[in-house]
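J.: Show me how the following folds:
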Amino acid sequence: MVDDGGYRATRMRLLAAGVAVLLVTALVTWLRGVDPVEVAGVLLFLPVFVVAVRSGTRGGLLAGAVAAAAYALLRAQALPLTTFTSILPTVGLRVVGYLVFGGLGGWAAEVLGRGITKLERFDVTDDDTELLNARGLHQQLSQELARAQRYGSAFTVVAVAYDPGEHATDRQTRIGQAVRASVRSVDDVGRAQLLDRQVLVAVLPETPREGAEVVGEKLRTHLAGATEGARGVTVELLVHPADDEAISALLERLDSAVQRRFPTA
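T.: Numbering: from 1, shown residues only. Here you go, the predicted model:
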């Protein structure tokens, strides 16, 4: 699964790797005493690569054409006319190489961007905990709210907010285990970054206020044993329909988290 940042982060990593390879290639070529024009020819692939990754097929082709013209000019200036004429096939191959590199590189970047964006649209699982992520929580909570409103049933939302602290992974795992141990197997549980705090959210269908209080007590007991007295952890119980205003506010915060997490989708 794509990590935070989506296509933009992936594109930056791709750019860094490609630029590094081209620079190393140019350096090795120069150290081997190859004609300086050929070293410059290798370096001309750099702007073609950067433009192709950032601008796609059209930009890559345009950059390839500019690089081809620059290489042909450098080669023509470095050789007498008669000699330059004799190596025209070689120059032509390099020109074609720039165009193909730019066009194919831009096309590949576009395909990669569309693929990652498609993955982001359907990504509903948190990579670290395998719980629902902000999008998954938003979808499940929206569906449960719509179902409860249609059939007049009750449901409960349990929101556990905490600061990760120094041992973020361990603390997060312990809190997640406490939440999961306090709810039923059919209840959906997810994690999201809301403002400056991590929040674990459980959606409990067909659970009225009385059931919510039972879950709350079980959760506080599990948290007390798992997180050093539950220091810095807050538990909120929201029950439909009495707390619909707070549930709507939570949905809005989850939607904002989705937009931050998946800006390209």
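J.: I'd like to know how far L254 sits from S55.
T.: Separation of L254 from S55 (Cβ to Cβ, to the nearest Å) stands at 34 Å. Quick note: C-beta positions are derived from backbone N, CA and C, even for glycine.
J.: Where does pLDDT dip in this protein?
T.: 1-8, 79, 81-84, 117-122, 165-168, 226-231, 261-265 (pLDDT under 70).
J.: how about the helices in it?
T.: 6-31, 36-43, 45-78, 81-86, 88-122, 134-151, 168-182, 209-226, 244-261 (DSSP state H).
J.: so F101 sits right up against P47, yeah?
T.: No: using Cβ atoms under 8 Å as the test, F101 is too far from P47 to be in contact (11.1 Å).
J.: just to revisit the earlier point, name the stretch among the helices of the chain that sits most buried.
T.: helix 45-78 (a mean of 20; mean count of other Cβ atoms under 10 Å).
J.: what's the offset of that helix from the middle of its chain?
T.: 30 Å (Cα atoms, centre = their mean, to the nearest Å).
J.: now stretch 208-220
T.: Its chain's C-alpha centre and that of stretch 208-220 lie 35 Å apart, by Cα atoms, centre = their mean.
J.: May I have it as CSV, with CA atoms only?
T.: The C-alpha coordinates for stretch 208-220 follow below in CSV (Å, rounded to 0.1, in the frame of the first residue of the first chain):
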residue,chain,number,x,y,z
PRO,A,208,-28.3,1.9,22.7
ARG,A,209,-27.2,4.0,25.7
GLU,A,210,-27.3,1.1,28.2
GLY,A,211,-25.0,-1.1,26.0
ALA,A,212,-22.7,1.9,25.4
GLU,A,213,-22.2,2.3,29.2
VAL,A,214,-21.3,-1.4,29.5
VAL,A,215,-18.8,-1.1,26.7
GLY,A,216,-17.4,2.1,28.3
GLU,A,217,-16.8,0.4,31.6
LYS,A,218,-15.1,-2.6,30.0
LEU,A,219,-12.9,-0.2,27.9
ARG,A,220,-11.8,1.8,30.9
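J.: Can you give the domain ranges for this structure?
T.: 6-122, 134-261 (automatic domain parsing).
J.: Would you mind telling me which of the ones you listed is nearest D128?
T.: Nearest to D128, of all the domains of the chain, is domain 134-261, at 7.3 Å by Cβ to Cβ.
J.: chain center to the closest one, what's the gap?
T.: Offset of domain 134-261 from its chain centre (Cα atoms, centre = their mean): 24 Å.
J.: among the helices of the chain, which is nearest L194?
T.: Per Cβ to Cβ, nearest to L194 of the helices of the chain: helix 244-261, 4.8 Å.
J.: Output the contacting helices and strands for that closest one.
T.: Packing partners of helix 244-261 (3 or more Cβ pairs under 8 Å, 6 or more residues apart in numbering; DSSP states H and E): helix 134-151, strand 155-162, strand 188-194, strand 234-240.
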